[in-house]
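Colleague: got a structure for you, letters missing:
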Ligand SMILES: Nc1ncnc2c1ncn2[C@@H]1O[C@H](COP(=O)(O)OP(=O)(O)OP(=O)(O)O)[C@@H](O)[C@H]1O
Ligand SMILES: [Mg+2]
């Protein structure tokens with residue numbers, strides 16, 4: 001448990017942990033959308049509130065501007081009604097209204113500060129010049145007010161020729177209303193809203209935290225279960241396949257692991273079988289020798305010929321032991337992938353002739369006719385020693401498992417990619433149920449007969465390894481009591497993978 005905690009708090013592990021990443025992703029997604037919504041809602045509220053406020057004030061100001069013109073206020077500011085109207089507007093919006101005439105002089109200021117002064121603000125001058133464009137308003141969010149510049153327009157009936165001089169529609173700008181309206185109330189509302197949103201956010205964030213943790217832990221639980229199950233297998237508590245119907249992904253991991261487990265079991269079984277076979281095979285000649293030696297010792301006054309006979313038998317057993325050990329060694333060598341192949345360009349027909357020449361004496365001993373038929377000249381990039389071994393083993397079998405006066409035919413052929421070696425015989429044939437097993441180490445169809453003939457069951461295993469190392473293939477067809485045909489197919493050009501022995 002302490003280990004676990006340490007592991008969890010190891011910073012490097014935290015960044016690597018799928019759970020932590022899941023948690024962070026879910027949490028950040030929740031947090032960002034929550035904060036984004038907050039900002040968006042407040043901002044759009046502010047926009048809308050400012051818009052409503054300035055349209056409202058603008059409407060009022062336009063009406064007021066009309067009143068100013070009607071009561072000629074720009075020339076005479078004594079109108080009680082207008083003054084009251086101005087003050088009311090200023091009070092209502094907690095703001096300030098300044099009336100400016102076309103000489104840029106302040107006629108009236110509801111703050112009573114700037115009366116009589118000249119205002120040369122850019123907005124005011126612009127408004128006087130292009131007053132017909134209407135009201136301009138500007139929101140200063142930092143200081144919390146809206147500034148509105150409204151032209152005071154008098155509509156005139158003008159002569160045709162004056163139109164070009166005084167403006168498009170015969171309107172004359174007599175002055176400007178410069179108004180600033182406080183937005184404090186909006187800011188206060190915003191603040192209240194924001195505070196409420198923050199409280200809500202805090203609650204939501206706590207929920208998101210819990211949710212993210214729950215999601216991360218529950219979604220990834222199956223992975224923990226797999227790790228525990230694999231650890232159980234590793235620790236040796238069980239070698240049962242892992243079960244757990246979870247997600248598609250974990251199911252794939254489980255299936256792959258179970259397949260690996262099965263394969264390891266098969267490998268383990270075959271290794272055990274191999275070891276027991278090897279010891280058995282190596283023990284047989286030794287047992288025979290021991291029996292022979294013991295019986296010699298048990299005899300008194302043994303004649304010389306008997307000694308000779310026994311010693312010959314012992315010598316044969318030693319040869320047998322030697323052959324088994326040599327075969328095992330060549331198998332082991334071929335199993336070692338790194339050993340690779342010694343590739344050279346080889347005349348296959350010539351090589352086969354040499355192998356057959358070596359086999360002829362044995363064939364003759366059994367009165368078996370051994371022939372070679374080659375359809376064309378063949379040159380291939382192969383490991384000469386290993387392919388010779390292949391042909392030798394196949395021909396040796398064809399001779400060994402043949403009847404007296406039988407025949408063995410070797411055929412060579414090639415196409416543009418491969419060359420083919422066919423070894424046919426008129427022998428016992430191999431029963432169908434054994435065909436799948438003949439390449440296994442120490443497998444013999446008929447153990448007693450094979451041993452009589454002198455077989456250990458390693459020949460075809462060596463053949464297959466050598467063929468596979470060349471990226472070739474081997475096929476067998478056989479009919480009991482009629483004969484067997486082995487067909488080996490090897491690429492003419494060695495691939496780099498084959499040379500490296502992978
Ligand atoms: N041409 C064949 N005809 C009939 N049976 C065969 C033929 N070739 C192989 N077999 C059967 O397949 C078995 C396996 O052959 P393999 O060459 O691997 O072993 P072996 O000949 O018994 O021993 P080794 O080759 O190691 O001396 C043989 O024991 C034999 O029963
Ligand atoms: Mg053999």
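Modeller: That came through fine. Quantities reported herein were computed from a predicted structural model and do not represent experimental measurements. Ligands and ions are numbered 1, 2, ... in the order given.
Colleague: Residue numbers of the stretch 401-502 of the chain in contact with ligand 1?
Modeller: Counting by C-beta under 6 Å from any ligand atom, the residues of the stretch 401-502 of the chain lying close to ligand 1 are 401, 425, 427-430, 438, 443-446, 450, 455-461, 484. The C-beta positions use only the backbone N, C-alpha and C, and glycine is treated the same way.
Colleague: out of these, which touch ligand 2?
Modeller: Among these, the ones lying close to ligand 2 by the criterion of C-beta under 5 Å from the ion are residue 459.
Colleague: interface residues of the stretch 351-500 of the chain facing ligand 2?
Modeller: Within the stretch 351-500 of the chain, the positions lying close to ligand 2 (C-beta under 5 Å from the ion) are 397, 459.
Colleague: Find the residue ranges of the stretch 351-500 of the chain scoring beneath the pLDDT cut-off.
Modeller: By pLDDT under 70, the low-scoring segments of the stretch 351-500 of the chain are 449-452, 454, 496-500.
Colleague: Residue of the stretch 51-200 of the chain nearest ligand 1, please.
Modeller: Among all residues of the stretch 51-200 of the chain, residue 200 sits closest to ligand 1, at 81.1 Å; criterion: C-beta to the nearest ligand atom.
Colleague: okay, now residue 153: neighbour count?
Modeller: When neighbours are defined as other C-beta atoms under 10 Å, residue 153 has 20 of them.
Colleague: distance of residue 347 from residue 148?
Modeller: According to C-beta to C-beta, to the nearest Å, residue 347 and residue 148 sit 106 Å apart.
Colleague: Give the residue from those two that has the larger number of neighbours.
Modeller: Neighbours of residue 347 and residue 148, each counted by other C-beta under 10 Å, are more numerous for residue 148; the result is 25 against 13.
Colleague: Tell me how many other residues surround whatever residue of the stretch 351-500 of the chain ends up closest to ligand 2.
Modeller: Here the stretch 351-500 of the chain gets closest to ligand 2 at one residue, residue 459, 2.8 Å apart by C-beta to the ion. Neighbour count for residue 459, taken as other C-beta under 10 Å: 20.
Colleague: Spatially nearest residue to it, not counting backbone neighbours?
Modeller: residue 393 (4.2 Å; C-beta to C-beta, 6 or more residues apart in numbering).
Colleague: show me what contacts that neighbour?
Modeller: Neighbouring residues of residue 393 by C-beta atoms under 8 Å, 6 or more residues apart in numbering: 459, 460, 462, 463.
Colleague: do residue 201 as well
Modeller: Residue 201 is in contact with 34, 35, 38, counting by C-beta under 8 Å, 6+ apart.
Colleague: of the residues you listed, closest to ligand 2?
Modeller: Distances from ligand 2 to these, taken by C-beta to the ion, are shortest for residue 34, at 78.1 Å.
Colleague: tell me which element that closest one is part of?
Modeller: Secondary structure from DSSP states H and E places residue 34 in helix 18-70.
Colleague: so how far is that helix from its chain's centroid?
Modeller: 44 Å (C-alpha atoms, centre = their mean, to the nearest Å).
Colleague: Packing partners of that helix?
Modeller: Using 3 or more C-beta pairs under 8 Å, 6 or more residues apart in numbering; DSSP states H and E, the elements in contact with helix 18-70 are helix 80-92, strand 136-140, strand 145-155, strand 171-182, helix 184-219.
Colleague: Would you map out the domains in the chain?
Modeller: 73-189, 248-327, 340-500 (automatic domain parsing).
Colleague: Please identify the helix or strand for residue 486.
Modeller: With DSSP H and E as criterion, residue 486 is part of strand 483-491.
Colleague: and that strand, what does it pack onto?
Modeller: With contacts taken as 3+ C-beta pairs under 8 Å, 6+ apart, strand 483-491 sits against strand 379-382, helix 384-400, strand 418-425, helix 459-469, strand 473-479.
Colleague: need these in TSV with distance to residue 371, can you?
Modeller: Converted to TSV, the helices and strands packed on strand 483-491 look like this (distance: least, C-beta to C-beta, whole Å):
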stretch	distance to residue 371
strand 379-382	22
helix 384-400	11
strand 418-425	10
helix 459-469	21
strand 473-479	19
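Colleague: who in this protein is up against ligand 1?
Modeller: Residues of the chain found near ligand 1 (C-beta under 6 Å from any ligand atom) are 327, 393, 397-398, 401, 425, 427-430, 438, 443-446, 450, 455-461, 484.
Colleague: Please check these and keep the buried ones.
Modeller: For these, a burial check counting by 16 or more other C-beta atoms under 10 Å picks out 327, 393, 397-398, 401, 425, 427-430, 438, 443-445, 450, 455-461, 484.
Colleague: and the helix holding residue 34 with strand 136-140, angle?
Modeller: Orientation check (axes from the mean of the first three to the mean of the last three C-alpha atoms, to 10 degrees): helix 18-70 against strand 136-140 gives 140 degrees.
Colleague: Burial check on residue 199, number of neighbours?
Modeller: By other C-beta under 10 Å, the residues close to residue 199 number 9.
Colleague: ditto for residue 236
Modeller: Around residue 236 there are 7 other residues, counting by other C-beta under 10 Å.
Colleague: mind listing what it touches?
Modeller: No contacts exist for residue 236 under C-beta under 8 Å, 6+ apart.
Colleague: Assumed residue 111 was part of a strand.
Modeller: No: secondary structure of residue 111 (DSSP: H, G, I helix; E, B strand; the rest coil): coil, not part of a strand.
Colleague: What separation is there between the closest residue to it other than its chain neighbours and residue 188?
Modeller: Nearest residue to residue 111 in three dimensions, chain neighbours excluded: residue 96, at 5.2 Å (C-beta to C-beta, 6+ apart). Separation of residue 96 from residue 188 (C-beta to C-beta): 20 Å.
Colleague: Who has more neighbours out of these two?
Modeller: Between residue 96 and residue 188, counted using other C-beta under 10 Å, the more crowded position is residue 96 (19 against 10).
Colleague: confidence score at that one?
Modeller: Here, the pLDDT recorded for residue 96 equals 92.
Colleague: Does it touch residue 147 like I think?
Modeller: No: Residue 96 is beyond contact range of residue 147, at 9.9 Å (criterion: C-beta atoms under 8 Å).
Colleague: Give the residues shared as contacts by these two.
Modeller: 179, 180.
Colleague: what bridges to residue 371?
Modeller: With DSSP bridges applied, residue 371 shows beta-bridge pairing to residue 409.
Colleague: pLDDT weak spots in the stretch 101-250 of the chain?
Modeller: Low-confidence segments of the stretch 101-250 of the chain (pLDDT under 70): 131-133, 157-169, 237-239, 244-245.
Colleague: Now do the buried residues in stretch 380-396.
Modeller: Residues of stretch 380-396 classed as buried: 380-384, 386-396 (neighbour count, 16+ other C-beta under 10 Å).
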